[in-house]
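Asker: Quick one, what's the 3D model for this:
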Amino acid sequence: MSFFEELRRRNVVKVGVAYLVGSWILVQVADILFDAIGTPEWVMQTMLVFLGIGLFVALFFAWAFELTPEGIKRESEVDRSQSITPQTGKKLNNTILVLMALAIAYLLFDKFSRPDPATTLAVDGASTAQQQDADTAADSSPAKQSIAVLPFDNRSNLEEDQFFTDGIHDDLLTTIARIGSMKVISRTSVMEYKGTTKKIPEIAKELGVAHILEGGIQRSGNQVRINVQLIDAGTDEHLWAEIFDRELTAENLFAIQSEISQKIAGALQTALSPDEVKRINTMPTDNLAAYEAYMRGRQLMATRTTANLALARQDFREAVELDPDFALAWVGLADAVNLQSSYGAIRVQDTFELREEAIQRALEIDPELGEAIVSKASLHADRNEIAEAEAAYKRAIELNPNYATAYMWYGGLLSNSISRTEEWVDLTRKAAELDPRSAIINSSLAGAFAYQGMFSRAEQLYKKNIELNPGFAQGIRVLGDFYVFNLGQIDKGIEYHTRSIQADPGSIFGLGIMVMNLVELGDFENAKVYRQKLADINEEFWMLGWADLTIAHGKNNSAGVEEAWNWLRPRVPPGLSFINEFAGLMRLAYGDPREAREILVQSSPGWLERNEWAQLIDRAPDMACVTAWTLAQTGDEELGLALLDQALAFVERMPTYVEHADNWKIEVCYLAVGNTDKAMQIIETQLAHNHLFWWKTYHQLPMYEAVRFEPRYQEIRTEVERRLAEQREKVAQMNLGTGP
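Answerer: The predicted model follows:
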């Protein structure tokens, strides 16, 4: 008998297989248990060593001994004719099969019970892979060439010198940020560390930087002392420190900032290009009074309140009057006016001339001033010159890669394109990386998450932002918007909108949104109260007509809708196409498709040009389907059906761009082509997701006649009305009529 045949006869091979499979199962179980109880690694290593030794022991015993009815005997003592190795072999076969079954069951459990990081969606719509990317980014070590400049101490202890101290700090940050190879944290993120008792390593970890610059400023008469020290956050050791005693002139201040910037670059081993050296050494103004006015304006503008924006505008105007060649002050003036149209009662079209003049003046002084090019990009965007705006943002980022506002506003430009949502998120994340504690940027990032359908991440960031900035009116308002538009919690949104108005009573947009929310719940009494607050601020501002239009529509008052629209129509700002679209929906709901067509096409003439459809559909696929249906009903059937086909093709791809595609009211597309089953599935999903806002406006459209009397639809409608009534009761307990 050969050696291998003898191994088989003595069941040595089967014993080895059974031992290996059993050991593998034991190791898997031990791994889970050891991990749960926190066992040191050496325990598992020791176990593996003993199991390895045990294999040879098992094989030796299988060869040298045999199991008999009388017990274990040496193989040489067993009569071959009396041997029961065949029966033992069968038992080993059964044992191996059982162990193999257990092993396979474990493998299947391990594969299917754990989420697949490449495909599994988190609850809020973010992929696990995306979450891991974010976690990795958050936990990664900061780049060596990264720095945060903490607020400088006002060593003169005079309150009037605080603006001066903060302004020097702000301007130094701007100068250092011109070094493209360095990551520089923006001002808003470092200001919360003013007067902090936190240790340098802790601050650096929170801001994601490797170095910290701190210092103080003392002004006395016509002299100024600036002392600074650069600290390695990892070791908490000083890398460089210096005290500057100079005469207080604009020229000296900028020379000090230039010297500090170059010393920091040297300490961080950052090579400066000739262009960077030139920009660092550029003196923006030689007029100290103009410089101080500019610094005040910058700090006031950062608050984003209507009152402070007006004051900031005055300060920037003063700065350019004192020094007409102060390019950054011209940019500040343009930006302040721009923001007044976003936060106050100034029509955006009324800002164009002044902004263009200020931006042009800044670029004549410095053609490569990144801040001015960002302002120009924003002006292009407000004029709906999208291609020009995008090109300008890219150029600005190239010139000033540390300018967080450029990334944020560029991301906002892409918010009108569903297919580019991921780019929007990435750009805003970059802005947040440069300015991680900025209330404005974090609001924008949360908005990008919400747009993408990542609701839990958005809500978490919104709330965290309010915790860090409890008085920031816009941050409070946009959380209210989130609850209304994404979660259908209109009552909760109203609660936050009320708080927002308390923080900034002059916010005409906050008041307008309150009217819209109250009408959605059928609370017309309080809607009129907030409508009057709008009128008290500006009786000619377009938002007042929007409020009247909303109230009239909520009451099914077609004559009131027509009157409000006639007043509003000539006042609609460019770029706010949703107002015209809303009016078009109303005309369609009241049975006037020709008037609806006129409004929709006048708002976006591209609906009649096939080569412009892709961009329009990407912005608002639901309106594409409504417009297509309207065109088909008013004599352009071929054009309407072609638009509908293209819009439907995009709608089918929407889940690859955003979660909660049902929140876009895309059922109108399927109703327009007669696919009522698909439409009802989407409507049911909307109810499950509690997407209730603008329910009435859409469900009055004639396309819904195809399902309006179906029992499934009637049940959904009853439930929606119940939920809205329940929220209306909660709002009634808020005593809004006596509010701000």
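
Asker: where along the stretch 201-350 of the chain do the helices fall?
Answerer: In the stretch 201-350 of the chain, the helices defined using DSSP state H, counting those that start in this stretch lie at 250-267, 274-281, 288-301, 306-322, 327-343.

Asker: I'd like those laid out as TSV, including distance to residue 530.
Answerer: Any C-beta I mention is one placed from the backbone N, CA and C, and that applies to glycine too. Formatted as TSV, these follow (distance: least, CB to CB, whole Å):
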stretch	distance to residue 530
helix 250-267	47
helix 274-281	48
helix 288-301	27
helix 306-322	16
helix 327-343	17
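
Asker: Comparing the ones you listed by mean pLDDT, which bottoms out?
Answerer: Looking at these, the lowest mean pLDDT belongs to helix 274-281 (a mean of 83).

Asker: So which bits of it are buried?
Answerer: Neighbour counts over helix 274-281 (16 or more other CB atoms under 10 Å) mark 276-277, 279-280 as buried.

Asker: Secondary structure element for residue 148, which one?
Answerer: Per DSSP states H and E: residue 148 is located in strand 146-149.

Asker: which residues of the stretch 101-250 of the chain score low on pLDDT?
Answerer: Along the stretch 101-250 of the chain, segments meeting pLDDT under 70 span 108-140.

Asker: What count of nearby residues applies to residue 551?
Answerer: 21 (other CB atoms under 10 Å).

Asker: Tell me which other helices or strands the host helix or strand of it touches.
Answerer: Assigned by DSSP H and E, residue 551 belongs to helix 542-554. The contact analysis (3 or more CB pairs under 8 Å, 6 or more residues apart in numbering; DSSP states H and E) places helix 542-554 against helix 508-520, helix 524-537, helix 558-568, helix 577-589.

Asker: quick one: average pLDDT of it?
Answerer: Helix 542-554 shows a mean pLDDT of 95 in the predicted model.

Asker: repeat for stretch 367-384
Answerer: 94.

Asker: residues touching residue 271, list them.
Answerer: Going by CB atoms under 8 Å, 6 or more residues apart in numbering, residue 271 touches 181, 265.

Asker: ditto for residue 317
Answerer: residue 333.

Asker: ditto for residue 292
Answerer: 163-164, 167.

Asker: let's go with 10 Å and repeat that
Answerer: 163-164, 167, 250, 315, 318-319, 322 (CB atoms under 10 Å, 6 or more residues apart in numbering).

Asker: And for residue 601?
Answerer: Here residue 601 is in contact with 580, 584, 607-608, 627, 630-631, 634 (criterion: CB under 10 Å, 6+ apart).

Asker: Residue 713 touches residue 676, doesn't it?
Answerer: Yes - with contacts counted by CB atoms under 10 Å, residue 713 reaches residue 676, the gap being 9.2 Å.

Asker: Which residues are in contact with each of those two?
Answerer: By CB under 10 Å, 6+ apart, the residues touching both residue 713 and residue 676 are 683, 704, 706-707.

Asker: Of the residues you listed, which is the nearest to residue 272?
Answerer: Closest approach between the shared contacts of residue 713 and residue 676 and residue 272, by CB to CB: residue 683, at 60.1 Å.

Asker: element containing that closest one?
Answerer: Residue-wise, residue 683 maps onto helix 676-689 under DSSP H and E.

Asker: Tell me, how many residues neighbour residue 544?
Answerer: Count around residue 544 with other CB under 10 Å applied: 25.

Asker: Over to residue 104?
Answerer: 10.

Asker: which parts of stretch 90-103 are buried?
Answerer: Under 16+ other CB under 10 Å, the buried positions of stretch 90-103 are 92, 95-96, 99, 102.

Asker: brain fart, stretch 558-567
Answerer: Quick answer for stretch 558-567 (16+ other CB under 10 Å): 558, 560-562, 564-565.
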